[in-house]
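[1] Structure of the sequence below:
(chains A and B)
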Amino acid sequence: EAGVTQFPSHSVIEKGQTVTLRCDPISGHDNLYWYRRVMGKEIKFLLHFVKESKQDESGMPNNRFLAERTGGTYSTLKVQPAELEDSGVYFCASSVTGTGLYFGPGTRLTVL
Amino acid sequence: AQSVTQLDSQVPVFEEAPVELRCNYSSSVSVYLFWYVQYPNQGLQLLLKYLSGSTLVKGINGFEAEFNKSQTSFHLRKPSVHISDTAEYFCAVSEDTDKLIFGTGTRLQVFP
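    Numbers count the residues shown, from 1 in each chain, chains lettered A, B, ... in the order given. Reported below is the predicted structural model:
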């Protein structure tokens, strides 16, 4: 069984540009989560999808961040325009409710 | 609000020595507790979890953790570490098993 995959693994962009991160969850997992770790700090929750619906987006930092989950399958997280403080590692995770999260390898975003 | 404290940002230890990684949490409700590990260039992997029942939880790779409700702790232990245990370890708490609150992580460095 394939795990959670994320693309790209690394992204380096300049301040003001747009970046889109993609997450493919484990097949059959209705729950999809985005988390972020800023350098040296804790991993923080961003948002939670159940199928294609946003269940909880209380962790989204501001309206420069837009997450979608088309058809309840893969998800994208767009940052537009990117700022320096958006740099960090963005993790995606998926689950069947109550069984625990399976994390992807993360996307390392660097904003210059 | 829930929070997790991992007091040790780095723990150096020699191979075959025992190790304890400390984790304390705060919460006003019953919680579920987790330890995740991130090996270099990989995603987060679940080591073990406490949901209910026995307070001593055994996980993968010889790790175990003990839930202590009175001390609000969930310390991770291994009696004899290996070089391959070098990684970053994250303690996390949740009210519902999926939305996790993470600590800042502890880097375990095992020396030969």
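
[2] Return the residues of chain B in contact with chain A.
    Within reach of chain A by Cβ under 8 Å from any Cβ of the partner chain, chain B has these residues: B:4, B:34, B:36, B:41-46, B:49, B:90, B:92, B:97-105. To be clear about C-beta, it is placed using only N, CA and C from the backbone, and glycine gets the same treatment.

[3] Any idea what A:Arg108 is bridged to?
    Note on A:Arg108: beta-bridge partners by DSSP bridges are A:His10, A:Val89.

[4] Tell me, how many residues neighbour it?
    16 (other Cβ atoms under 10 Å in any protein chain shown).

[5] For the closest residue in space to A:Leu66 that isn't next to it in sequence, what is the enclosing helix or strand?
    Of all residues not flanking A:Leu66 in the chain, A:Lys78 sits nearest, at 4.7 Å (Cβ to Cβ, 6 or more residues apart in numbering or on different chains). For A:Lys78, the enclosing helix or strand under DSSP states H and E is strand A:75-79.

[6] before we move on, what about A:Met60?
    Here A:Met60 is assigned to no helix or strand, by DSSP H and E.

[7] where are the low-confidence patches of the chain?
    Defaulting to chain A. Scanning chain A with the threshold set as pLDDT under 70 gives A:1.

[8] switch to chain B, that's the one I care about
    Low-confidence segments of chain B, defined by pLDDT under 70: B:97.

[9] what are the ranges of the strands in the chain?
    Picked chain A for this. Per DSSP state E, chain A carries strands over the ranges A:5-7, A:10-13, A:19-24, A:31-37, A:43-50, A:53-56, A:65-68, A:75-79, A:88-95, A:102-103, A:107-111.

[10] should've been chain B
    Applying DSSP E to chain B gives strands spanning B:3-5, B:10-14, B:19-21, B:24-26, B:32-38, B:44-50, B:56-58, B:64-68, B:73-78, B:87-94, B:101-102, B:106-111.
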